[in-house]
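Peer 1: okay, here's the prediction I keep looking at, along with the sequence it came from:
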Number of protein chains: 2
Amino acid sequence: MSVAAALEALDAFLGERFTRSKSELEQHGRSESYFPLTPPDGVAYPETAEEVQRIVQICAEHACPVIGWGAGSSLEGHGQAVNGGVTVDFTRMNKVLEIRPADMDVTIQPGVTREALNEELRATGLFFPVDPGANATLGGMAMTRASGTTTVRYGSMRDNVLGLKAVLADGRTIETGTRARKSAAGYDLTALFVGSEGTLGLVTELTLRLHGIPEAVSAGICAFPDMGSAVTAVMETIQMGIPMARIEFVDAATARAFSAYSGMAMADSPHLLVEFNGSPESVTQDAERFAEIVADNGGSPFEWSTREEERRALWALRHNGYYAILASRKGARAVVTDICVPISRLAEAVEETQADIAASGIPGPILGHVGDGNFHAILLLDPDKPEDLVEAKRLSHRMAERALRMGGTCTGEHGVGHGKLAYMEEEHGMGWQVMGEIKRALDPQNIMNPGKLVPQG
Amino acid sequence: MSVAAALEALDAFLGERFTRSKSELEQHGRSESYFPLTPPDGVAYPETAEEVQRIVQICAEHACPVIGWGAGSSLEGHGQAVNGGVTVDFTRMNKVLEIRPADMDVTIQPGVTREALNEELRATGLFFPVDPGANATLGGMAMTRASGTTTVRYGSMRDNVLGLKAVLADGRTIETGTRARKSAAGYDLTALFVGSEGTLGLVTELTLRLHGIPEAVSAGICAFPDMGSAVTAVMETIQMGIPMARIEFVDAATARAFSAYSGMAMADSPHLLVEFNGSPESVTQDAERFAEIVADNGGSPFEWSTREEERRALWALRHNGYYAILASRKGARAVVTDICVPISRLAEAVEETQADIAASGIPGPILGHVGDGNFHAILLLDPDKPEDLVEAKRLSHRMAERALRMGGTCTGEHGVGHGKLAYMEEEHGMGWQVMGEIKRALDPQNIMNPGKLVPQG
């Protein structure tokens, strides 16, 4: 391995668009989590798929690690250069290449962010629904198989990437999927790449499925006496086939943080925030039927509206949730956990987690995408107390173990990176070895985002 | 390779549940298409996952090909023993292992058929929606990534397999997926296996997503002056977000065949058959809104009903479509084609295909899952005229080429088998080589369903 030779060749190839400045290296070595700084040796800013291909070819020639970088918003250290090497920053590959309203799809470069895409789509009456909270790049979202508040209705990146172009570890380019809505032609390489976290190749183009902006939207909020009755209401709603566009759970601690942050007076108990999309008649009917289910389960009256300003205020609560929770402990840093369990185990999983957090020294409000069985505890650490981080790691570890024990997954939407590597064997057993075999078949030099996702060493 | 030694060991292991009788071998060497008989050397009937594992281990030891077999209803020769070897018939692995109504999922053995599963589910208020027409096994449906009339609403096997257990070529067993609704934990091995046609391993267990039986259903039919106006109506319906559960297209030739077969008088023009699922109010509203779109596009009045006997009569038409078309040419055999294109190209693709068929010597009514852009021509051959088969193959070839030219796929739902191998390079380019590399990594001896899907030789 001769990283130095790769750096020299990349410098000659990209000129000013290749940098080794300390500040740029450090910026690309950080993470949104508690992981220590692990900067790369250089950062490349390609503008075309052909440049990405050449960059990978140069790195392959010198066995130099290659790490993709989008908005840097991933949570498990996906973009960290744990073995050094070259980070490929997709910031300049941020073009929407073609919108096809008749087929309700769009082809983009991977550096386009979620919000920028929806801005460009506005005039078409279409939108891209996957919303992980952060204004991540769509390349990053594809690579981590992101999902979010709307997944219960519109699916995750797994369901909304129709195809992609990628540069493999040996510099070959492949194009997966077609523009047809479905296909039975061979291995689903699109699905293999979505969620592969840059360990199989770098994505240079994505074709995404779009959805019609709903004619009407209703949204509302209600409180429940306890977690179990909230989850029962969700299960009954799903079983009755009432199509929820979002259904978000917040626990009592989160409700307190929301109240303090927004000035809105929320009851000190678990809440559901719910949205329906459809025609004016259907969203009214859906809200009314949901209100009945809530009442049957002992919830407070479901207060809902179709008016945009009221809906916006409601979702602003949720979107600012992270900051509201962060503000609830002065000067705190947050560790964000992420597990997903079968819905039948959700109440139990949340209650066990709450008890565990209560017994620890640190606060940890819980919220989640309850329709998917996915929830997060936002563990609040005092940065001056090293024992808080130890405690947060212990709580996070026990959450992952709890999810696996209940037939769930150690990560519902954040991905593996290096932060969740320790749970992969337990979650997948021999399947994890098979992931390693696929990785080795396509990247025998282990240059594509080494140290992540697959078995190491 | 010593098939003989494998046969001997399997005979000792399985006794009466291993057979070499000529009739059984021939039964497992046929296909539903025009491919010549290619029988295996033996047929095994395992009853447990452990037996499947042992069978594969024995075959691996002797480098003997292993071919999975479900209902034998696949259309591209998937189950044919083109290199000889042992066919593993899953008929006896037909148990529903666990239904979990609260999680709306079910775990089954792969030999359970679609109809048997829905029969077992009846009391739960849940159903499994993927319906390819034939009463295929769910193992076979998973392996070919089957879809069908309800895919526009409920998705294909890609969307409805939550996880699976499989025996790999070296006899290891893996378990993919979890019981959580989503996961970001590593490569999506479930998606890699769904559609892999038995070339990566044999599936011994499936966990499937279930859906609530809709409270109310409306369904109806309408005629259009031409294909273009029918497709425009479909596109507008999708864009308005009216949730169709089925939307099936039949061309004028199919309408004539349906009329003759059923006695129902249909106009001699293209038709759409449409279904909506939901609440009594929503299915009425959906049907009324769809009727307006139909009228705006020059269609005949949309005749619809929520009454079960009328809906049943309508879908009996569609379900008997193959037989109605077959009956329209006395003594004919059928070659069924299967392409899928972007919806914006669908009218053009159907019209070009119709013109091509009209110029040929043989009839070929067209029907399809128009919401997905997927359609079939049922080419009717006189079995006594070899030139008819030549012509049918030419038409089928030109359909595949047309789909690829329009950005679509050579197979929307039937799969590759050996019948569509010739189009894989054109459809996937370098991606097809990558499929071969994954295959070789997991099955270096090439014993799992050789001769199918991946590059050969």
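Peer 2: Thanks, I have it.

Peer 1: give the next helix or strand downstream of the helix of greatest length in chain A.
Peer 2: Determined from DSSP state H, the single longest helix within chain A is helix A:386-405. Where DSSP states H and E defines the elements, the next helix or strand beyond helix A:386-405 is helix A:424-428.

Peer 1: ranges for the helices of the stretch 1-150 of chain A?
Peer 2: Using DSSP state H, counting those that start in this stretch, the helices of the stretch 1-150 of chain A run over A:3-14, A:22-27, A:49-61, A:114-121, A:138-143.

Peer 1: as a markdown table, those with mean neighbour count would be great.
Peer 2: For the C-beta atoms, the positions are set from N, CA and C on the backbone; glycine is no exception. Below are the helices of the stretch 1-150 of chain A laid out as a markdown table (neighbours: other Cβ atoms under 10 Å in any protein chain shown):
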| stretch | mean neighbour count |
| --- | --- |
| helix A:3-14 | 18 |
| helix A:22-27 | 14 |
| helix A:49-61 | 21 |
| helix A:114-121 | 17 |
| helix A:138-143 | 30 |
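
Peer 1: so can I have CSV of those showing distance to chain B and mean pLDDT?
Peer 2: Shown next, in CSV, are those (distance: least, Cβ to the nearest Cβ, whole Å; pLDDT from 0 to 100):
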stretch, distance to chain B, mean pLDDT
helix A:3-14, 23, 97
helix A:22-27, 25, 97
helix A:49-61, 12, 98
helix A:114-121, 13, 98
helix A:138-143, 10, 98
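
Peer 1: closest to B:P270 out of these?
Peer 2: Nearest of these to B:P270, taken as Cβ to Cβ: helix A:114-121 at 31.9 Å.

Peer 1: what is the closest one packed up against?
Peer 2: Counting contacts by 3 or more Cβ pairs under 8 Å, 6 or more residues apart in numbering or on different chains; DSSP states H and E, helix A:114-121 packs against strand A:96-100, strand A:105-108, helix A:138-143.

Peer 1: check the offset of that helix from the chain's centre.
Peer 2: On the basis of Cα atoms, centre = their mean, to the nearest Å, helix A:114-121 sits 17 Å off its chain's mean C-alpha point.

Peer 1: list the contacts of it.
Peer 2: Defining contact as Cβ atoms under 8 Å, 6 or more residues apart in numbering or on different chains, one finds that helix A:114-121 is touched by A:94, A:96, A:99, A:106, A:108, A:127-128, A:130-132, A:135-138, A:141, A:208, A:210.

Peer 1: now a PyMOL select for only the buried ones of those residues.
Peer 2: Buried residues among these (16 or more other Cβ atoms under 10 Å in any protein chain shown), as a PyMOL selection:
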select buried, chain A and resi 94+96+99+106+108+127+128+130+131+132+136+137+138+141+208+210
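
Peer 1: got the residues of the stretch 201-350 of chain A near chain B?
Peer 2: A:211-212, A:214-215, A:235, A:238-241, A:243, A:277-279, A:281-282, A:285, A:289, A:338, A:340-344 (Cβ under 8 Å from any Cβ of the partner chain).

Peer 1: drop anything exposed from those.
Peer 2: A:211-212, A:214-215, A:235, A:238-241, A:243, A:277-279, A:282, A:285, A:289, A:338, A:340-344.

Peer 1: can you tell me how far A:A257 is from A:E387?
Peer 2: A:A257 sits 23 Å away from A:E387, going by Cβ to Cβ, to the nearest Å.

Peer 1: which of those two has more residues huddled nearby?
Peer 2: For A:A257 versus A:E387, neighbours defined as other Cβ atoms under 10 Å in any protein chain shown are more numerous around A:A257 (28 against 11).

Peer 1: ok, and what's touching the strand or helix carrying the more buried one?
Peer 2: Assessed by DSSP H and E, A:A257 sits inside helix A:252-262. For helix A:252-262, the external contacting residues (Cβ under 8 Å, 6+ apart) are A:223, A:250, A:264-271, A:316-317, A:320-321, A:323-325, A:327-328, A:363-367.

Peer 1: can you tell me which of the helices of the stretch 1-150 of chain A comes nearest to A:A332?
Peer 2: helix A:22-27 (23.5 Å).

Peer 1: that closest one - contacts with which helices or strands?
Peer 2: For helix A:22-27, the packing partners by 3+ Cβ pairs under 8 Å, 6+ apart come out as strand A:42-44.

Peer 1: what lines up beside the strand it packs on in the sheet?
Peer 2: strand A:18-19 (antiparallel), strand A:86-89 (parallel) (DSSP bridges).

Peer 1: mind listing what's buried along the longest one?
Peer 2: Meaning strand A:86-89. Neighbour-count burial for strand A:86-89 flags A:86-89 (criterion: 16+ other Cβ under 10 Å).

Peer 1: any chance of a markdown table for these, columns distance to A:W69?
Peer 2: Shown next, in a markdown table, are these (distance: Cβ to Cβ, whole Å):
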| residue | distance to A:W69 |
| --- | --- |
| A:V86 | 10 |
| A:T87 | 5 |
| A:V88 | 6 |
| A:D89 | 5 |
